[in-house]
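Asker: Please work out how this folds:
(chains A and B)
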Amino acid sequence: NAGVTQTPKFQVLKTGQSMTLQCAQDMNHEYMSWYRQDPGMGLRLIHYSVGAGITDQGEVPNGYNVSRSTTEDFPLRLLSAAPSQTSVYFCASSRSGASTDTQYFGPGTRLTVL
Amino acid sequence: AQSVTQPDIHITVSEGASLELRCNYSYGATPYLFWYVQSPGQGLQLLLKYFSGDTLVQGIKGFEAEFKRSQSSFNLRKPSVHWSDAAEYFCAVAEGGGADGLTFGKGTHLIIQP
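Answerer: Prediction:
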């Protein structure tokens, strides 16, 4: 098993550009989520999904869209990038709900918005 | 809403010395508590978790944590640290039965002195 994979590892965008951060897991996990990590802030939840076709907002959803068309994939879309979205993004998955199961994290995507 | 406080931003410990990282949480009901470790440039790895039962939980890499309800604490300990323990450590809490992810503390950066 590859676990949770994220692409790309690094990305530089200009303000206003759009892009999609990819996340995939091969563990047949129902629950997937996206976090952003900023210096001195810990990780904050952006969006999560409890299964294919179901998504919901986390603590900091503004500026981000998600969809979950398959169990394996959970892409994060930045519609119009802003410097405030410069961060490290982590995708995570678990067998079911986050409160009971171990979260498995991907290696992260470091995004810089100029 | 739940919150997590890690009072120490940085901790420096000599190799072979004991370690205690502090974590305090704010949550009305019985929390689900976690400790994660992040090595430089890596994703997060679960060290241990507490849901119920024995308040002293054992984790990987020789770590343990003790849940103290009266103090709203979940401190992480290790009797003898190794240079490879240098990393960022995050305490996190989840709501029992909920699916809206983990709430993380801001992290403690552990430095190991030779």
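Asker: C-alpha from now on. contacts and neighbour counts both.
Answerer: Noted.
Asker: For chain B, which residues score under the pLDDT cut-off?
Answerer: For chain B, the stretches with pLDDT under 70 are B:28, B:96-100.
Asker: residues near residue 80, how many?
Answerer: Unless you meant another one, I'm taking chain A. For residue A:80, the count of nearby residues is 15 (other Cα atoms under 10 Å in any protein chain shown).
Asker: that answer is for a different chain, and I need it for chain B
Answerer: Here the count is done by other Cα under 10 Å, and residue B:80 has 15 residues near it.
Asker: which residue packs closest to the spatially most central residue of chain B, ignoring adjacent ones?
Answerer: With distances taken as Cα atoms, centre = their mean, the residue of chain B nearest its centroid is residue B:35 (3.4 Å). Counting by Cα to Cα, 6 or more residues apart in numbering or on different chains, residue B:91 is the residue found nearest to residue B:35 once chain neighbours are left out, at 4.6 Å.
Asker: got a list of what the one you found touches?
Answerer: B:4, B:6, B:23, B:33, B:34, B:35, B:36, B:104, B:105, B:107 (Cα atoms under 8 Å, 6 or more residues apart in numbering or on different chains).
Asker: Excluding sequence neighbours, find me the nearest residue to residue 25.
Answerer: This is for chain A. residue A:4 (4.4 Å).
Asker: right idea, wrong chain: chain B
Answerer: Nearest non-adjacent residue to residue B:25, counting by Cα to Cα, 6+ apart: residue B:4, 4.4 Å away.
Asker: And for residue A:53?
Answerer: Using Cα to Cα, 6+ apart and skipping residues adjacent in sequence, the residue nearest residue A:53 is residue A:68, 5.2 Å away.
Asker: Same check on residue A:93?
Answerer: Residue A:93's closest residue in space is residue A:32 (Cα to Cα, 6+ apart), at 4.2 Å.
Asker: The one you found is in contact with residue A:90, isn't it?
Answerer: No: using Cα atoms under 8 Å, residue A:32 is not in contact with residue A:90, being 10.7 Å away.
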